[in-house]
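*Asks:* predicted model, plus sequence, below.
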Amino acid sequence: MSDMRTPLAKVRGLGSAKDGTTHFWRQRVTAVANVFLISFFVILVIALQGADYASFTEALQNPFISILLLLVILVGCLHMKLGMQVIIEDYIHSEGLKLLLLMGNIFFASIIALSSVVAVLKISFGG
Amino acid sequence: MANADLKANRPLSPHLQIYKPIVTMVMSILHRITGAALYFGTILMAFWLVSAAAGPESYQFAMDVFGSFLGRLVLFGFTWALVHHMIGGLRHFIWDMGHGFDLPTANWMARATIVGSVSLTVILWIIGFIVA
């Protein structure tokens, strides 16, 4: 059978979803960043375990720590939004529920990211 | 295909429960389950940070929650899910570069993933108790 795709469609390489490899690529870029960011996060949590309020806020007022923590939150939430999207698309076949869950996924990731970012900024700017 | 009878009683291809679990398959499933668990686990991270931002009393409440037996148990599981998902991700990077698709290597990497994630989790918690 001859190829039904137009030369333009082949050059664009965006496929039927008009999205190309964007989702895959973002998943991998955030994954590479997360290898370093999550390693930092684990070390930070171990270092801060059982810390009293004063030493906790003091740590987050260090700009290196708060900036890295903000990156952990933002990159982590983007990565998990992309991942959960795939899970929903794989398992939910009824159109209405799928759309609802895809929206809920974006809402959840946004709320977690924004509330965590605001919390870190508030502490790092001095409460 | 718009008028296809989707509810027709057609033969189905065998699904998951038909197959004997093999190590690469179990690691693939665990990668997705740990990913989904970490997704909801971020509620704990937000709870931790927002409690701290709200003031000393709510920070202390969050610390008491995480410090309780149940809290520690959940955090232990959180640690394992995080480490397991990361090592599984490193395996995916190797595949993305076009390596490790032959059976001996794939099986070896799958076993290394679970052995590595469990041991690294235990090591991290031992370090945690030492520096506490």
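*Replies:* Arrived safely, thanks for sending. Given the structure is predicted, the values throughout are model-derived calculations rather than measurements.

*Asks:* spit out the contact partners of residue B:86.
*Replies:* The contact partners of residue B:86, by Cβ atoms under 8 Å, 6 or more residues apart in numbering or on different chains, come to A:34-35, A:38. C-beta here means a position set from N, CA and C on the backbone, and glycine is covered the same way.

*Asks:* what does chain B put close to chain A?
*Replies:* Applying Cβ under 8 Å from any Cβ of the partner chain, one finds that chain B approaches chain A through B:32, B:35-36, B:38-39, B:42-43, B:45-46, B:49-50, B:52-53, B:56, B:59-60, B:63, B:67, B:79, B:82, B:86, B:89-90, B:92-93, B:96, B:124, B:127-128, B:131-132.

*Asks:* what segments of chain A are helices?
*Replies:* For chain A, applying DSSP state H gives helices covering A:7-12, A:22-48, A:53-60, A:63-91, A:95-124.

*Asks:* give the other helices and strands that the first one contacts.
*Replies:* Where contact means 3 or more Cβ pairs under 8 Å, 6 or more residues apart in numbering or on different chains; DSSP states H and E, helix A:7-12 is not packed against any helix or strand.

*Asks:* C-alpha coordinates for it, CSV please?
*Replies:* Taking only C-alpha atoms (Å, rounded to 0.1, in the frame of the first residue of the first chain), the coordinates of helix A:7-12 have been written out as CSV:
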residue,chain,number,x,y,z
PRO,A,7,5.2,15.2,2.1
LEU,A,8,4.5,18.2,4.4
ALA,A,9,3.1,15.9,7.2
LYS,A,10,6.2,13.7,6.9
VAL,A,11,8.5,16.7,7.2
ARG,A,12,6.7,18.0,10.2
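
*Asks:* which residues are contacting it?
*Replies:* With Cβ under 8 Å, 6+ apart as the test, helix A:7-12 has contacts from A:3, A:20.

*Asks:* spell out, range by range, the helices that occur in chain B.
*Replies:* So, for chain B - with DSSP H - the helices run B:23-54, B:56-67, B:69-96, B:103-131.

*Asks:* format those as CSV; extra columns: distance to residue A:9 and mean pLDDT.
*Replies:* Conversion of the helices of chain B to CSV gives the following (distance: least, Cβ to Cβ, whole Å; pLDDT from 0 to 100):
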stretch, distance to residue A:9, mean pLDDT
helix B:23-54, 32, 97
helix B:56-67, 53, 97
helix B:69-96, 25, 97
helix B:103-131, 34, 97
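
*Asks:* export the ones you listed to a markdown table and tack on distance to residue A:59?
*Replies:* Output for the helices of chain B, formatted as a markdown table (distance: least, Cβ to Cβ, whole Å):
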| stretch | distance to residue A:59 |
| --- | --- |
| helix B:23-54 | 10 |
| helix B:56-67 | 13 |
| helix B:69-96 | 18 |
| helix B:103-131 | 14 |
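
*Asks:* ok, residue A:2 - how many residues close by?
*Replies:* With neighbours defined by other Cβ atoms under 10 Å in any protein chain shown, the count for residue A:2 comes to 4.

*Asks:* residue A:44 contacts residue A:69, correct?
*Replies:* Yes: counting by Cβ atoms under 8 Å, residue A:44 does reach residue A:69; the two are 7.0 Å apart.

*Asks:* of the residues of chain B next to chain A, buried ones?
*Replies:* Buried members of those, counted by 16 or more other Cβ atoms under 10 Å in any protein chain shown: B:35-36, B:38-39, B:42, B:45-46, B:49-50, B:52-53, B:59, B:63, B:79, B:82, B:86, B:89, B:124, B:128.

*Asks:* who touches stretch A:33-42?
*Replies:* Stretch A:33-42 is touched from outside by A:68-69, A:71-72, A:75-76, A:79, B:79, B:82, B:86, B:89-90, B:124, with contacts defined as Cβ under 8 Å, 6+ apart.
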